[in-house]
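missing the sequence, but the structure's below:
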Ligand code: DAT
Ligand code: MG
């Protein structure tokens, strides 16, 4: 058994719209557990580290601007295969294409902005999860 950890963020749109509890409810209803939780407004430095793979892309600056626009809830989600499992709960990046039943499909929409506001982030691999958890929860180690 390999119990995985994933780094989930409820983004500023989710926070502003009062959807943090709904996202956490879905994670717990799925059967995953919450191993860490923190509400904070991210710094640009944190976001540059978190989104390093997207530096230089057309949506990068709008993404950093959006993500630093207010509080986020950072969560360490734990459970068997939870990295893939949470990506499945979240749905596709584009909320217009994310199917009903998913977080982005049920709760998100396209607002016609330079960056998609899609409520949640979830790590995409064990390597990303370890890297991201170190950024948001330096005290957790691994
Ligand atoms: P995901 O969050 O599904 O892993 P990603 O890592 O490719 O997607 O991109 C990070 C975020 O950037 C994504 O959640 C929303 C935004 N984004 C990605 N591609 C975009 C695009 N083509 N246009 C606008 N925003 C985009
Ligand atoms: Mg990603």
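Nice, I can see it. Because the structure is a prediction, the values reported are computed rather than measured. Ligands and ions are numbered 1, 2, ... in the order given.

Give me the neighbour count for the residue in the chain that ligand 1 sits nearest to.
Using CB to the nearest ligand atom, residue 93 is the residue of the chain that sits closest to ligand 1, at 3.5 Å. The C-beta positions use only the backbone N, C-alpha and C, and glycine is treated the same way. Residue 93: 10 surrounding residues under other CB atoms under 10 Å.

heads up, I number from 23, so please use that
Noted, 23 is the first residue going forward, which turns the last one into residue 115.

Might one say that it is in contact with residue 140?
Yes - proximity of residue 115 to residue 140 meets the contact threshold set by CB atoms under 8 Å, at 6.3 Å.

Give the intersection of the neighbour lists for the two.
Common neighbours of residue 115 and residue 140 (criterion: CB atoms under 8 Å, 6 or more residues apart in numbering): residue 126.

Contact partners for the most centrally placed residue in the chain?
The residue lying closest to the centre of the chain (CA atoms, centre = their mean) is residue 143, at 1.8 Å. Each residue near residue 143 by CB under 8 Å, 6+ apart is listed here: 29-31, 33.

Which secondary structure element is home to it?
Assigned by DSSP states H and E, residue 143 belongs to strand 142-144.

do the same with residue 157
helix 148-158.

How is residue 98 assigned, secondary-structure-wise?
Following DSSP: H, G, I helix; E, B strand; the rest coil, residue 98 is assigned to strand.

wait, doesn't it sit right on residue 159?
Yes - shown here, residue 98 and residue 159 form a contact pair, counting by CB under 8 Å, at 6.0 Å.

Looking at these two now, which is surrounded by more residues?
A side-by-side neighbour count of residue 98 and residue 159, using other CB under 10 Å, places residue 98 first with 23 against 19.

show me the contacts for that one.
Here residue 98 is in contact with 27-30, 56-59, 155, 159, 162 (CB under 8 Å, 6+ apart).

Just give the closest residue to it, not the sequence neighbours.
residue 58 (3.6 Å; CB to CB, 6 or more residues apart in numbering).

Just give me the neighbour total for that neighbour.
Neighbours around residue 58, by other CB under 10 Å: 16.
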